[in-house]
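Asks: quick one: sequence plus predicted model below, questions after.
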Amino acid sequence: MNTRTFAHRLDQAQRADTAEVPAAELLIVKGLCKQFGGLQAVAELDLDVRVGEILGVIGPNGAGKSTTFNMIAGALAPSAGTLTFDGELLAGLPAHAMAARGIMRTFQHNKPFTSMSVRENVMVGMHRRIKGPLWRVWVASASTVRAERAAAQRADELVEFVGLAAWRDADVATLSFGQGRLLEIARALAAEPRLILFDEPAAGLTPSECERLSIIIRQIASQGIAVLLIEHDMRFLMALADRVAVLNFGRKIAQGTPAQIRADDAVVKAYLGDLGAMADA
Amino acid sequence: MKALAGFALTALVLSALAFMLGSYQTDVYRKLLLWVTLALSYNFLFGIAGQVAFSHFTFYGIGAYAMVILLFQVGLPLPLAILAGIGLCVLLALVVAIPATRLEGFYLALATLAFAQLFIVVLNEGGTVTGAAGGLANYRLPEVFGMRVTGPWYTVVIVLLLLGTLASLWRLDRSWFGRACRAVRDDPQAAQAMGINVTATRIAAYTITSAMAGVAGMVYAFVDNTVNPPIFGLENSFLLLFMVIVGGSGRHAGAIVGAVLLYLLPFVLSPLIGHHHALVFGLFMVAVVLFQPKGVIGIWDGWMAKRRTAP
């Protein structure tokens, strides 16, 4: 069970706001490599994500963004390198173990649980927090009943937070693609994560939905949750991220604030075809 | 509180019915109750946890045989025999589940099918322990505290078994465990990303429902007072699957409706068209799968939705 309280996270967030020194590094990636046969998808990658910060990772197609993402989420085991989360070495753990430690993710192609209502989908996100011994469910112990009621209530709050309150009891099949993305976010937040991984969250959204998404992601970070954002859409990412890492051919070619990245020669070269987009961003 | 009162009332009505039936009707009624019990637990495994397993009826057989062997060949007292029987079912379920639930869909079906066949072979080759092809007979329920539960009172035991199974499944379904099972069925990758241990959830669902089938089998052992291999053949495993599909998979009410319909159908059809009832049965199955994938309970849901939207 996640014992980190909201107050604790707020405290961390405030420290992140006021301190001159950078906030604590929550996730440290060192020398991460992934090989698929003869293909080096990710090579010697170093990244760090701090509490309450939005780190953006960009790169052209095939740069290794998704592979990196999947290794941090536990969907792929790294070939080499370490993942340190809050002082604990995590590389190679399965996805459910990553989630148990407070690393939650969204999917680029929405993956809702189609047989459940919106509220129930969000309640699945609380699995680790309300899970107890099965016999307690069987005897319907007072604590189980209480936890279930509290979970339903918390789910309603989260559904409201992402703006799906009107669809709370709806079948998820009736949601639009953009609403499905919001459900993904509510579901990930339900776990009270310490780090959220967004896999191209803006993909497939309309401009107004992107706008709304930016606001939500900023709110999440301001609660002291670390955010790692992998994105194709430069305009969206540059406006949102505190820091940006640029990947190309599996290697990090630049890192810095959005302003530094825009001025970086290596990045401009890698994104030659996207120069226009860079200038607009 | 309301749910509890509902259960008590249902128990009373179903039990009262037991005292009004003749001996033939009692036999039909008891078996109907047992089918409903089995369909309920199979619905959790197949409909809610999404595992296409054909071993459910086999665990019913394992429970029945275990009960008879433990009582009359090992010589255990009844309470101990019940505990040991449940323990055996759990153990065997784990032995099957741990390798088999790593397999998905088609392969799980094949593995459990093989297990079901193996059980029949073991029964036939079991010599005096299983009574071979003739099975075991000529036994009756031992006395407990100088009393023997017989006649309508044994039917009451079956009613309590059914309602106990339903209540347990109901609670499991409406908890984090039920949601985890549905999540794993809907999308294992997303379920894992939510912190659900997919393999552990599958194993737990398989083991719990199989043990429930085993307990039903233990009760069944004293319904016919004989157990033999043909009773636990594969066709009953398929019938169980059809019951859940026809009724509406994933819904407790669906399992109940499906079991009642398909169990009683031959009784209605046989006098009319004799052995051709199997043909009607087959056509009925095909029609449901083609035109009403959500089962009979889906039709009911449709009506209720219409009534709600109509002014």
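Replies: Done, it's in. This structure is a prediction, so every number in the text was calculated from the model and none was measured.
Asks: which residue ranges of chain B form strands?
Replies: B:136-137, B:226-227 (DSSP state E).
Asks: partners of the first one in the sheet?
Replies: In its sheet, strand B:136-137 lies beside strand B:226-227 (antiparallel), with partners assigned from DSSP bridges.
Asks: one step back: how about the strands of chain B in a markdown table, adding mean neighbour count and mean pLDDT?
Replies: Just so you know, the C-beta spots here come from the backbone N, C-alpha and C atoms, and that holds for glycine as well. Listed next are the strands of chain B as a markdown table, based on neighbours: other C-beta atoms under 10 Å in any protein chain shown; pLDDT from 0 to 100:
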| stretch | mean neighbour count | mean pLDDT |
| --- | --- | --- |
| strand B:136-137 | 18 | 93 |
| strand B:226-227 | 20 | 94 |
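Asks: of all those strands, which one is nearest A:M234?
Replies: Distances from A:M234 to each of the strands of chain B were compared using C-beta to C-beta; the minimum, 71.0 Å, belongs to strand B:226-227.
Asks: pick out the residue nearest the middle of the chain.
Replies: No chain specified, so I'll use chain A. A:L197 (1.7 Å; C-alpha atoms, centre = their mean).
Asks: correction: the question concerned chain B.
Replies: B:L38 (1.4 Å).
Asks: isn't it up against B:G214?
Replies: No: taking contacts as C-beta atoms under 8 Å, B:L38 lies outside contact range of B:G214: 10.7 Å.
Asks: who touches B:A93 in this structure?
Replies: Contacts here follow C-beta atoms under 8 Å, 6 or more residues apart in numbering or on different chains; on that basis B:A93 touches B:59, B:206-207, B:210-211, B:214.
Asks: identify the residues contacting the residue nearest to the centre of chain B.
Replies: B:56-57, B:60, B:213, B:216, B:240, B:259.
Asks: how many other residues sit next to the residue in the stretch 101-250 of chain B that chain A sits nearest to?
Replies: Closest approach between the stretch 101-250 of chain B and chain A, counting by C-beta to the nearest C-beta: B:G195, at 3.4 Å. As a burial measure, B:G195 scores 27 neighbours (other C-beta atoms under 10 Å in any protein chain shown).
Asks: need the nearest residue in space to it, chain neighbours excluded.
Replies: A:A99 (3.4 Å; C-beta to C-beta, 6 or more residues apart in numbering or on different chains).
Asks: quick one: contacts for the one you found?
Replies: With contact taken as C-beta under 8 Å, 6+ apart, A:A99 is in contact with A:74, A:128, A:191, B:192-195.
Asks: which helix or which strand is home to it?
Replies: Assigned by DSSP states H and E, A:A99 belongs to helix A:95-100.
Asks: show me what the helix or strand following that helix is packed up against.
Replies: For helix A:95-100, the following helix or strand on the C-terminal side (DSSP H and E) is strand A:103-105. When contacts are defined as 3 or more C-beta pairs under 8 Å, 6 or more residues apart in numbering or on different chains; DSSP states H and E, strand A:103-105 packs onto helix A:65-73, helix A:177-189, strand A:195-199.
Asks: please redo it, this time with the cut-off set to 10 Å
Replies: Contacts defined by 3 or more C-beta pairs under 10 Å, 6 or more residues apart in numbering or on different chains; DSSP states H and E place strand A:103-105 against helix A:65-73, helix A:95-100, helix A:177-189, strand A:195-199, strand A:226-230, helix B:188-193.
Asks: helices along the stretch 101-250 of chain A, start to end?
Replies: For the stretch 101-250 of chain A, helices defined by DSSP state H, counting those that start in this stretch occupy the ranges A:118-124, A:127-130, A:134-138, A:142-161, A:177-189, A:207-222, A:234-240.
Asks: now render the ones you listed as CSV, adding mean pLDDT and mean neighbour count.
Replies: CSV is the format used below for these (pLDDT from 0 to 100; neighbours: other C-beta atoms under 10 Å in any protein chain shown):
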stretch, mean pLDDT, mean neighbour count
helix A:118-124, 96, 25
helix A:127-130, 92, 22
helix A:134-138, 89, 16
helix A:142-161, 93, 16
helix A:177-189, 95, 23
helix A:207-222, 94, 16
helix A:234-240, 89, 21
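Asks: for B:F232, which of these is the nearest?
Replies: helix A:134-138 (27.5 Å).
Asks: just how off-centre is that closest one within its chain?
Replies: The chain centroid and the centroid of helix A:134-138 are separated by 32 Å, computed with C-alpha atoms, centre = their mean, to the nearest Å.
Asks: quick check, it touching chain B?
Replies: Yes: counting by C-beta under 10 Å from any C-beta of the partner chain, chain B has neighbours in helix A:134-138: A:134, A:136-138.
Asks: overlap in contacts, B:L38 and B:G214.
Replies: B:56, B:59-60 (C-beta atoms under 10 Å, 6 or more residues apart in numbering or on different chains).
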